[in-house]
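J.: Sharing a model that was predicted from the sequence below.
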Amino acid sequence: MFDVAVIGAGITGTFIARELSKYQLRVLMIEKDNDIANGTTKANSAIVHAGYDVLQGTLKAQLNVKGNKMYEEVCRELQVPFKRIGSLVIAFNNNEIKLLEELYKRGLSNGVPDMEILSRERVLALEPNLNDDVIGALYAKTAGIVGPWELAIALAENALENGVELFLNSTVTGIKKIKDFYCVKAGNQDINTKLVINCAGIYADKINDMVSDIHFKMLPFKGEYNLFDKNAGDMVNTIIFRCPSDAGKGVVILPTVHGNLLIGPTSELVDSKDALQTTSEGLKFIQQHTKLTLKGINFGNVITSFTGLRAKTMLHDFIIEEAEDALGFINVAGIDSPGLTAAPAIAEYVLNLIKHRLGNIQKNEKFSSSRRPNINFMELSVEEKRKIIQKDPKFGRIICRCEGITEGEIIDVIHRKPGAKTLDGVKRRARPGSGRCQGGFCTPRVMEIIARELGIDITEVVKDGLDSYILTGETK
Amino acid sequence: MILEPKDMICIACPLGCRLSIYEDNSAEGFIVSGNKCLRGIDYAVKEMTNPTRVLTTTVKISKAFFSRIPVRTNGAIPKSLIYEAMKLINCIEIQAPVRMGQVLIKNILDTGVDIIASRSMYEREMLDHIKDSTFEVKKSL
Amino acid sequence: MNNYEIVVIGGGPAGLAAAIEARKNGVKKILLIERDRELGGILQQCIHNGFGLHIFKEELTGPEYAERYIQELITMGIEYKLNTMVIEITKNRQITAINTIDGIMHIQGKAIILAMGCRERTRGAVRIPGTRPAGILTAGMAQRFVNMEGYMIGKRIIILGSGDIGLIMARRLTLEGAQVLAVAEIMPFSGGLTRNIVQCLEDYNIPLFLSHTVVDIEGQDRVKAVTIAKVDKNSIPIKGTEKRFECDTLLLSVGLIPENELSKCAGIELDKVTGGSIVNESMETSIEGIFACGNVVHVHDLVDWVTEESKRAGKSAAKYVKGESTGRYKVINIKGINGVRYVIPQLLRVKNITESINLMMRVDNIYKNIKFIVKGNGQKIKEIKRAHVAPGEIETIKITLNELTYRDYNEISVEIVKEEA
């Protein structure tokens, strides 16, 4: 019997599970995919918002600002990249300047610190590559960028180290209330648990419908992104937003924690929870809107495009509450922007709901908040590099030429818990394949290493899901 | 007997003349047009009467550092025999050491052409300094 | 710090030829650094024939061509390291390299020869829309899996790009039992050698769709279908011309990019059109003592020319370390215009030409019955007639020393002019 079962191991689910691991609770994460952080968590803007953009008085506003403050500490504990680079909402005409003033007021009301409206000169001094017709901007110092899937993976590692369990490839197909606990049917198992936390992203409505007659609908909004080569990474220094206009919300332009340039997203309501294709319209949209903001961007530097689905609801706010007709079943749904920012605060909020339901829960004296950081070979000093190769020669074999990733780092992430078992899993944890050649050089070598370390045949190595085989057999 | 003219691209030189060829009762038995030199006629007639190709593929090899060794025909074989030749080649498995040029199948399908190794492959044990995945070939065969 | 007279980065045909030539010209301390598990570079996976027709007068396979040079390198006792990756070079010819046995190495060369070859253009770089399942790979990666590791990469295959790598793989995969359903090419002409269209596509009845590109990829875990469509003269897909193929693999053969990250880090000037370093007649880059040859300078079509070019680089590097270099003075700029996309070398020092120099170039379209006109300071030096030129085939024009010194030129251009009927 588990105390808490968290459905969905994305950023929300992993934050909650890690928070719960600070207490003496038997916690289980149930994930439908072959790896954690496989949904929206791996395909979003990676922004930690300041909080002026959210409507006053909403749960989003409250948890956005609170969550933003918590990022430094949690990223330091877990050794995950986070940079508070600040954000600009840029204005090109007087109507937009008025909008900036409204956002500023809203920010103040939401409790956002360190905001300022900048003049054209100061904006261009901060961001020389913006179009010259910018006339002003709202600057928010507390906005930042993070590695979203790196954070989810680090949270999961820490949670597992502190006693949380994880079932992968376990789609929840049914939930039954039995007296004072729930029986969750997932994968091939029946899991008994006192509480269920629904963090199933765009599938949260489906999960909710299994126990509650109070329905809500998840509207999947597709967002397409372009990721640029690190050569373009210094085009901007902060996160650049445009004012929403008749033309829509425009695109965000920002650096990533790894030094690439990221532009996106588009926003399109789709009818399928599977609609993950990029489209030529989406790419065109990004190009057109980028040209309105930046001068001198070369789309020949795009190294890849991807899409993510956001889980929006009609209510324009988070749904974080126990289902009225299903006590012990807590929905954490509609976690679209600023979901990533709010996540640490959402975890605390949910903890309080759980305490309310379970009563007094004992602290886990053995809880350790830090995690062994990922080794980043290229960032070590020459002396450190020498030492680590002497200890383990596998750090002397570079597998990913574009990013300088060694075999030692890849082996390390394969053996962590939850470790990398797939090409994408290795890419998300150690980064081979994220560079300009997109795996052209390293893929055969990474597959060889995965096969060897997991004791499987190389033809069994998959890209991501269980059916994403790469090789079809031997040549004759 | 006059058949429909057949079109083809000559590959004797990079010009790639577009040729047209058909049978007739002339001395050669064919009329070729579109060629800018005599090699075009030879090529076209050969393609009609007995098109041949060089075949290149790989063969399984054991006791070597790799599991496949590239091989080829040491001459051109009739195009019509390619699939059958592949079937035969796919049946064999050889062992290192192998020397470049070594005959692996003699006179395949009675064409007078052999299947030879396109490179040398040494026995795994013969390679000095096999540490992890690093090795240096100090000896040559 | 390890000291060498010449350090060659890359052990493919370019690096091998350069190192051998440097030794033949009297240089003793040479180190060749190769990142793969054996020498030979890309030739080891090019198991088809067609290599060496000009140099050896034979049609060898890639591995055979490579082995001839590898044997010569070993016989000469030239030092080399395998499984070793160069991670940095400086303009002072300092090299940082790393492997599992020596750990981190700092190497000082008097001269460096860059021979790092190319990487393949990716799906992201050509922005093909659709899902991102398994089963999308570049032709070169497929070639490595099939020919060297011994694994098949799919059963029903669509190939985008009719360059040689795509055509060669169409044949190879068919012979290994897969079904290649079609080759799509965005240009109205094929990018590969005509012999490959015949021997790889026509022989196996694989349809070639010119002026077509991939507009959609379906499949969550693995490719399920690929849709191609015709494009207009601006390469924009035309609605209504879509053809959908149910398949499990999409092979991309959409171009090669010279791999110049190391060159950039040393501050070497690159040519925006070729993607490689700007070089002079001695294959020297904008940094004194650093030379470059092979695909890292520009994408070649025949390995024979790579060997010739690399020998020139090796010889020049040898002269440089022996102090016999002629210095960096009076330079003629060479460029391609009006149909000529680029010319190598981009710079010429007349003092270093003994008899003649071969200018290598690529055109930007298929042209029939044209003349190449070579001009010096706008005045015609010579003209060469050609019945047929194509972007996929490198053209060579020989300029003699007399022609170069007829007047005091500071600029030479090569252009295409249509022949009068």
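T.: Sure, I can see it. The structure presented is a predicted model; accordingly, all values stated were derived computationally and were not measured.

J.: got the contact list for residue 14?
T.: Because you didn't say which chain, this covers chain A. A:29, A:36-37, A:151-153, A:155-156, A:159 (CB atoms under 8 Å, 6 or more residues apart in numbering or on different chains). To be clear about C-beta, it is placed using only N, CA and C from the backbone, and glycine gets the same treatment.

J.: please go with chain C instead
T.: The contact partners of C:A14, taken as CB under 8 Å, 6+ apart, are C:41, C:115, C:117, C:293-296, C:306-307, C:309-310, C:313.

J.: before we move on, what about C:G41?
T.: Residues in contact with C:G41 (CB under 8 Å, 6+ apart) are C:10-16, C:34, C:66, C:117.

J.: what ranges do the helices span in the chain?
T.: Defaulting to chain A. A:11-20, A:59-78, A:94-110, A:120-126, A:148-161, A:204-209, A:280-293, A:339-358, A:382-391, A:407-414, A:423-430, A:443-454 (DSSP state H).

J.: wrong chain, I was asking about chain C
T.: Applying DSSP H to chain C gives helices spanning C:13-24, C:62-75, C:123-126, C:139-144, C:164-175, C:194-196, C:261-266, C:303-321, C:401-405.

J.: Any idea what the closest residue to C:G109 other than its chain neighbours is bridged to?
T.: Distances taken as CB to CB, 6 or more residues apart in numbering or on different chains place C:V7 nearest to C:G109, at 3.7 Å, with adjacent residues excluded. For C:V7, the beta-bridge partners are C:L31, C:I112 (DSSP bridges).

J.: C:V7: neighbour count?
T.: Neighbour count for C:V7, taken as other CB atoms under 10 Å in any protein chain shown: 29.

J.: Could you export the contacts of C:G41 as a markdown table, including pLDDT?
T.: As requested, the contacts of C:G41 are exported to a markdown table (pLDDT from 0 to 100):
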| residue | pLDDT |
| --- | --- |
| C:G10 | 97 |
| C:G11 | 97 |
| C:G12 | 97 |
| C:P13 | 98 |
| C:A14 | 98 |
| C:G15 | 98 |
| C:L16 | 98 |
| C:E34 | 97 |
| C:A66 | 97 |
| C:G117 | 96 |
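
J.: between those, which is nearest C:L270?
T.: Of all the contacts of C:G41, the one with the least separation from C:L270 (CB to CB) is C:G117, at 15.3 Å.

J.: show me what contacts the residue nearest to that closest one when sequence neighbours are not counted?
T.: Using CB to CB, 6+ apart and skipping the chain neighbours, the partner closest in space to C:G117 is C:N295 (4.6 Å). Residues counted as contacts of C:N295 (CB under 8 Å, 6+ apart) are C:12, C:14, C:117-118, C:256, C:258, C:306.

J.: Looking at the residues you listed, spot the one nearest chain B.
T.: Closest approach to chain B among the contacts of C:N295 (CB to the nearest CB): C:G12, at 14.6 Å.

J.: what about that closest one, distance to chain A?
T.: As judged by CB to the nearest CB, to the nearest Å, C:G12 and chain A stand 14 Å apart.

J.: How is chain A divided into domains?
T.: Following automatic domain parsing, chain A resolves into domains at A:1-81+A:145-217+A:313-373, A:82-144+A:219-309, A:377-460.

J.: And for chain B?
T.: B:6-49, B:56-136.

J.: Of these, which is nearest A:G147?
T.: Ranking the domains of chain B by proximity to A:G147 (CB to CB) places domain B:56-136 first, at 30.3 Å.

J.: Can you get me the centre-to-centre distance for that closest one and its chain?
T.: Taking the mean of its C-alpha atoms, domain B:56-136 sits 13 Å from the chain's own mean (CA atoms, centre = their mean, to the nearest Å).

J.: and the stretch 301-450 of chain A, which residues reach chain C?
T.: Contacts of the stretch 301-450 of chain A with chain C, taken as CB under 8 Å from any CB of the partner chain, map to A:302-306, A:378, A:382, A:385-386, A:389-390, A:393-394, A:396-398, A:401-402, A:404, A:436-438, A:440-441, A:443-444.

J.: Of the residues you listed, just the buried ones, ChimeraX syntax please.
T.: Buried residues among these (16 or more other CB atoms under 10 Å in any protein chain shown), as a ChimeraX selection:
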select /A:302,303,304,305,306,385,386,389,393,394,396,397,398,401,402,404,436,437,438,440,441,443,444
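
J.: ok, now which ones touch residue 84?
T.: Let's take chain A. So A:R84 contacts A:48, A:71-72, A:141-144 (CB under 8 Å, 6+ apart).

J.: Chain B, not that one
T.: Contact analysis of B:E84 by CB under 8 Å, 6+ apart lists B:L109.

J.: and the nearest residue to C:V363 once chain neighbours are set aside, what are its bridge partners?
T.: Setting aside the residues directly before and after it, C:V363 is nearest to C:V389 in space (CB to CB, 6+ apart), at 5.0 Å. For C:V389, the beta-bridge partners are C:Y367 (DSSP bridges).

J.: now swap in A:I175 and tell me
T.: A:V184.

J.: right, and it touches A:D190 too?
T.: No - in this structure, A:I175 is not within contact of A:D190 by CB atoms under 8 Å, at 10.6 Å.

J.: what touches both of those two?
T.: Taking CB under 8 Å, 6+ apart as the criterion, A:I175 and A:D190 both touch A:183-184.

J.: So between these two, which is more surrounded?
T.: Applying other CB under 10 Å to A:I175 and A:D190 shows that A:I175 carries more neighbours, namely 24 against 11.

J.: quick one: the nearest residue in space to C:G150 that is not next to it in sequence from C:R119, how far?
T.: Leaving aside its chain neighbours, C:G150 sits nearest to B:R68 (4.1 Å; criterion: CB to CB, 6+ apart). In this view, B:R68 and C:R119 are 23 Å apart by CB to CB, to the nearest Å.

J.: burial measure for residue 406, as a count.
T.: By default, I'm working from chain A. Other residues within reach of A:T406, judged by other CB under 10 Å, total 27.

J.: wait, I meant chain C there
T.: Number of residues near C:Y406 (other CB under 10 Å) recorded here: 12.

J.: Wait, C:N377 touches C:N410, no?
T.: Yes - look at C:N377 against C:N410 with CB under 8 Å: they come within range, at 6.7 Å.

J.: Compare the two and say which is more crowded by neighbours.
T.: The residue with more neighbours, out of C:N377 and C:N410, is C:N377; 13 against 10, by other CB under 10 Å.

J.: With that, I have no additional questions.
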